[in-house]
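Asks: I would like to see how this sequence folds:
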Amino acid sequence: NQQIFIWLLEYCFFQVYVTQDLYIEIDIAQIPKAISTYNGEGITFSGTDGELSTFLFEHFWNNHKQRTQLNIDEDKILRDTSINLEEFYKKREILQKQKKQLDSIFLTNHPSPYDWVIENIRTGNYLCQILMGTLEKNTVFYPQIPEIPDTLWKKCLNYQGYLVSIDCKYVYNYLGSTIYNRVNFKYIGEFCKEMAKKPGLSKDIRRILKRTIQICNQKSSDSNKEFIENYTEIRDNFDKELILWTTQKCLYSIDSLFPTAKADLIKMNSLISGDVSTQIKQIELLQKNIKTPWCLKILADKYQTCIKKIQQEQAILLTINPSNNELHPCQAVGQTNFGAHLYKVADLSPKKFLTQLKKHFTGKALVFEFWSTWCSGCPTSLHLMNNYRQELKNEAVEFIYLCTSNSANEEEWKIRVAQLRIP
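Replies: This next block holds a predicted model:
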């Protein structure tokens, strides 16, 4: 059953589940204009999937205020940084029992052949939060990632979602993420040994790799802070290698935990990440490992999409021309056909960098925006800043966009600038 959300203008919001066909009849006269006062009246379902959607619709609005409050309480304990994992598990278990009690009352008054669906959704939501909470509240990365209690972990491993819905599907996503994290930290020492063999590494990087290997061998929680700092440096310098290394190890781990079809689904939902070139290599790893035909078909489609994107990016790079514009102490990289001038700078203190910029833009106010190629929220912020730039185009103001080189390279930066089209 596919979960579909429907938003009826300012009147109401509801969800349906469809496998074959569903007809929805809406009587606007019965629906209050204030969405906050809507109580489920005025909507009826028919067709093959009408009975299921009617049953779940009634369940959603039954004791709606209590259910909404329980959802709010769930979110609060998930975001509460003052409680540890053990407290989180206990509080979440209490809320789960309260939800189950409400469902039991509803099912007593509304017997249905679909009662198992409610349990499947409720369990999926619960396990999602357990996995999510474990990931978010995990503050000790080494020497041991906090383990989910055995009974809960077995429930997560054995869960089968029977609906294509947020709660059911995300269990598989978070299972993949949890396994990925565990594998990542379990084999980080082995990864560092391999990276240490690479030629041309700086002394600092070699020192960090060597020290991380030592921490992994010592398995002492006293080194947790140092390990986290080292891991950040390793990830920044070997991001793509680490993703592919962990992906390979993760595939074997997933195969050992689940039957083939379920394992393939978890791999599909959880392991596609990184930039386009890294995605292509991940897909190639998955294609050698996955056996389910429909999963292979989706991977083939994703592979072709990535290849097209690479071709588009190469075409974008051709729009960036050489530049002779000087901006001491920066090195000119190029200029675009929409007015952006690109520079790079390295090994310079922030104070000296700002001093030189002030000299270059004498008499102008400087507005800085910091961003990164991998930041999902940065494009919105950059476009907002560009709106300010246009408003102040006749003023003595210069807008400077500073992009970090961490986890990115010059080519990725150029491509992102050309895609954003901000002068």
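
Asks: dump the residue contacts of the residue nearest to residue 130 when sequence neighbours are not counted.
Replies: Closest residue in space to residue 130, ignoring its immediate chain neighbours: residue 152 at 5.6 Å, by CB to CB, 6 or more residues apart in numbering. (C-beta placed from N, C-alpha, C; glycine too.) Applying CB atoms under 8 Å, 6 or more residues apart in numbering to residue 152 gives the contacts 89, 127, 130.

Asks: Which ones among the residues you listed map onto helices?
Replies: Using DSSP state H, the subset of the contacts of residue 152 located in helices is 89, 127, 130.

Asks: Roughly how far does the first one sit from residue 421?
Replies: By that I understand residue 89. Going from residue 89 to residue 421 by CB to CB, to the nearest Å gives 48 Å.

Asks: who's more crowded, these two?
Replies: Neighbours around residue 89 and residue 421, counted as other CB atoms under 10 Å, are more numerous at residue 89. The numbers are 18 against 14.

Asks: I figured the more buried one hits residue 130, correct?
Replies: Yes - with contact defined as CB atoms under 8 Å, residue 89 reaches residue 130; the gap is 7.1 Å.

Asks: how about the spatially closest residue to residue 21 that is not a sequence neighbour, what does it touch?
Replies: The shortest distance from residue 21 to any non-neighbouring residue, by CB to CB, 6+ apart, is to residue 47 (4.5 Å). The neighbours of residue 47, taking CB under 8 Å, 6+ apart as the test, are 20-23.

Asks: What of residue 167?
Replies: 121-122, 124-125, 128, 161.

Asks: Find the helix or strand that it is a member of.
Replies: Per DSSP states H and E, residue 167 falls inside helix 166-186.

Asks: Mind giving me the packing neighbours of the helix or strand harbouring residue 99?
Replies: Element membership for residue 99, per DSSP H and E: helix 85-109. If contacts are counted by 3 or more CB pairs under 8 Å, 6 or more residues apart in numbering; DSSP states H and E, helix 85-109 sits against helix 50-61, helix 64-79, helix 115-136.

Asks: list the buried ones in the first one?
Replies: Read that as helix 50-61. Residues of helix 50-61 classed as buried: 50, 52-57, 59 (neighbour count, 16 or more other CB atoms under 10 Å).

Asks: do the last one as well
Replies: By neighbour count on 16+ other CB under 10 Å, the buried set for helix 115-136 is 115, 117-118, 120-134.

Asks: Repeat that for stretch 377-391.
Replies: For stretch 377-391, a neighbour-count test (16+ other CB under 10 Å) marks 378, 382, 385-386, 389 as buried.

Asks: thinking again about what came up before, just the ones in strands from the contacts of residue 47, please.
Replies: Mapping those onto strands (DSSP state E) picks out residue 23.

Asks: Look at the nearest residue to residue 379 once chain neighbours are set aside and report its pLDDT.
Replies: Using CB to CB, 6+ apart and skipping residues adjacent in sequence, the residue nearest residue 379 is residue 420, 6.2 Å away. Looking at residue 420, its pLDDT reads 84.

Asks: With residue 9 instead?
Replies: 66.

Asks: the strands in this structure, which residues?
Replies: Counting by DSSP E, the strands of the chain are 2-8, 12-18, 23-26, 43-46, 331-335, 341-344, 365-371, 397-403.

Asks: which of the residues in the fourth one are buried?
Replies: So that's strand 43-46. 43, 45.

Asks: quick one: strands adjacent to that strand?
Replies: strand 23-26 (antiparallel) (DSSP bridges).

Asks: so where's the stretch 1-150 of the chain shaky on pLDDT?
Replies: In the predicted model, the stretch 1-150 of the chain carries pLDDT under 70 at residues 9-11, 33-39, 138-146.

Asks: Residue 133 versus the residue nearest to residue 130, what's the distance?
Replies: Residue 152 is 11 Å from residue 133, by CB to CB.

Asks: shared neighbours of these two, which are they?
Replies: In contact with both residue 152 and residue 133: residue 89, using CB under 8 Å, 6+ apart.

Asks: Looking at stretch 303-322 now, give me its mean pLDDT.
Replies: 85.

Asks: Quick one: residues in contact with that stretch.
Replies: The contact list for stretch 303-322, computed with CB under 8 Å, 6+ apart, reads 276-277, 279-280, 283-284, 287, 334-337, 342, 411, 414-415, 417-419.

Asks: Could you do stretch 117-126 as well?
Replies: 1, 17, 52, 55-56, 59, 92, 96, 99-100, 103, 106-107, 155, 159, 161-163, 165, 167-168, 170-171.

Asks: show me the contacts for the residue nearest to residue 62 when sequence neighbours are not counted.
Replies: Of all residues beyond its chain neighbours, the one nearest residue 62 is residue 106 (4.9 Å), with distances taken as CB to CB, 6+ apart. By CB under 8 Å, 6+ apart, the residues touching residue 106 are 58-59, 62-63, 118.

Asks: ok, back up a step: residue contacts, the residue nearest to residue 379?
Replies: Residue 420 touches 379, 382-383, counting by CB under 8 Å, 6+ apart.

Asks: and the gap between residue 70 and residue 370?
Replies: For residue 70, the distance to residue 370 - CB to CB - is 40 Å.

Asks: higher neighbour count, the two?
Replies: For residue 70 versus residue 370, the count of surrounding residues by other CB under 10 Å is larger for residue 70: 16 against 12.

Asks: in terms of contact, does that one touch residue 100 like I think?
Replies: No - in this structure, residue 70 is not within contact of residue 100 by CB under 8 Å, at 10.7 Å.

Asks: tally of neighbours for residue 20?
Replies: By other CB under 10 Å, neighbour count at residue 20 equals 8.
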